[in-house]
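*Asks:* Based on what follows, work out the 3D shape:
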Amino acid sequence: MKKLLLLLLLLGTAMGAMSKHRKVKVITPYGTMVILLYDETPLHRDNFIKLARAHFYDSVLFHRVINTFMIQGGDPQSKHAQPGAMLGNGENGYTVPAEFRLDLFHKKGALAAARDNNPAKASSGCQFYIVQGKTWTDAELDQLEQTRLGGRKIPVDQREIYKTTGGTPQLDQGYTVFGQVIKGLEVIDRIAAVKTDGNDRPVTDVPMKIRLVKKWLFF
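*Replies:* You can find the predicted model right below:
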């Protein structure tokens with residue numbers, strides 16, 4: 001009986017661990033990115049997992065691409081959209097409350113939620129972007145703190161990452177960061193380099209599929 005209870009306890013612990021640190025694959029013609037979803041932003045994590053399980057993102061495009069800034073997708077109206085059509089206004093009928101954390105920031109590879117200009121800064125229920133960004137100098141970061149960030153100081157460790165790895169610090173604490181590319185950073189660069197039209201839409205469509213990364217029970 002004790003062995004059975006111990007086994008059930010171990011199984012319960014393992015199953016609980018499975019729900020944490022979920023990963024997804026973003027599959028594109030330019031390669032596959034693996035993204036870790038943060039447990040610190042559970043509303044965004046669970047919403048993204050729900051949409052991935054429902055295959056919501058199958059054939060959705062990266063419809064807005066700005067080199068040295070970010071690649072954005074998730075508009076359901078982009079599925080099979082006509083060439084040249086302006087995209088970015090499609091939604092799935094709800095928003096997700098903001099989940100800002102000082103330790104989650106817009107370094108290269110950050111997954112963040114797009115949003116409109118609503119006062120609560122609630123996130124789109126489906127649109128997201130992945131940061132490419134650029135590297136910054138101390139002088140540029142100093143100026144950014146005084147202007148765009150309204151005097152807020154960028155933490156020393158984050159400042160160092162912005163100077164070496166790069167990112168988009170001007171977006172910090174304005175848009176919810178809820179994941180990070182842990183494999184396939186080069187895919188961001190490939191997509192960001194594609195030719196775009198006047199609305200920042202790639203001239204040649206960049207579709208995606210998003211799948212959960214399967215996780216073994218004890219590994």
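*Asks:* Can you classify Tyr162 by secondary structure?
*Replies:* helix (DSSP: H, G, I helix; E, B strand; the rest coil).
*Asks:* For it, give its distance to Leu36.
*Replies:* To Leu36, Tyr162 is 20 Å away according to CB to CB, to the nearest Å. To be clear about C-beta, it is placed using only N, CA and C from the backbone, and glycine gets the same treatment.
*Asks:* With Leu102 instead?
*Replies:* Distance check for Leu102 against Leu36: by CB to CB, it reads 19 Å.
*Asks:* who has more neighbours, these two?
*Replies:* Leu36 (19 against 10; other CB atoms under 10 Å).
*Asks:* how would you label that one: helix, strand or coil?
*Replies:* Secondary structure, three-state DSSP: Leu36 is strand.
*Asks:* can you check the one 10 residues further on too?
*Replies:* Following three-state DSSP, Asp46 is assigned to helix.
*Asks:* What pLDDT does the model give it?
*Replies:* Turning to Asp46, the model gives it a pLDDT of 97.
*Asks:* and Cys126, how many residues sit next to it?
*Replies:* Cys126 has 24 neighbours, counted by other CB under 10 Å.
*Asks:* Would you tell me what helix or strand it is located in?
*Replies:* For Cys126, there is no enclosing helix or strand under DSSP states H and E.
*Asks:* OK, contacts around Ile161?
*Replies:* 105, 107, 167 (CB atoms under 8 Å, 6 or more residues apart in numbering).
*Asks:* ok, so what distance separates the closest residue to the second one other than its chain neighbours from Thr137?
*Replies:* Closest residue to Lys107 apart from its sequence neighbours, by CB to CB, 6 or more residues apart in numbering: Gly167 at 4.0 Å. Using CB to CB, Gly167 is found at 14 Å from Thr137.
*Asks:* Between those two, which is the more surrounded one?
*Replies:* Higher neighbour count among Gly167 and Thr137: Gly167, with 24 against 10, using other CB under 10 Å.
*Asks:* how near is that one to Ala120?
*Replies:* 24 Å.
*Asks:* Hmm, Gln72 is touching Gln132, no?
*Replies:* No - Gln72 is beyond contact range of Gln132, at 10.9 Å (criterion: CB atoms under 8 Å).
*Asks:* Give the residue from these two that has the larger number of neighbours.
*Replies:* Gln132 (24 against 21).
*Asks:* show me the contacts for that one.
*Replies:* Here Gln132 is in contact with 67-71, 108, 166, 188-189, 192 (CB under 8 Å, 6+ apart).
*Asks:* Filter the residues you listed down to just the buried residues.
*Replies:* Neighbour-count burial (16 or more other CB atoms under 10 Å) is assigned, among these, to 69-71, 108, 166, 188, 192.
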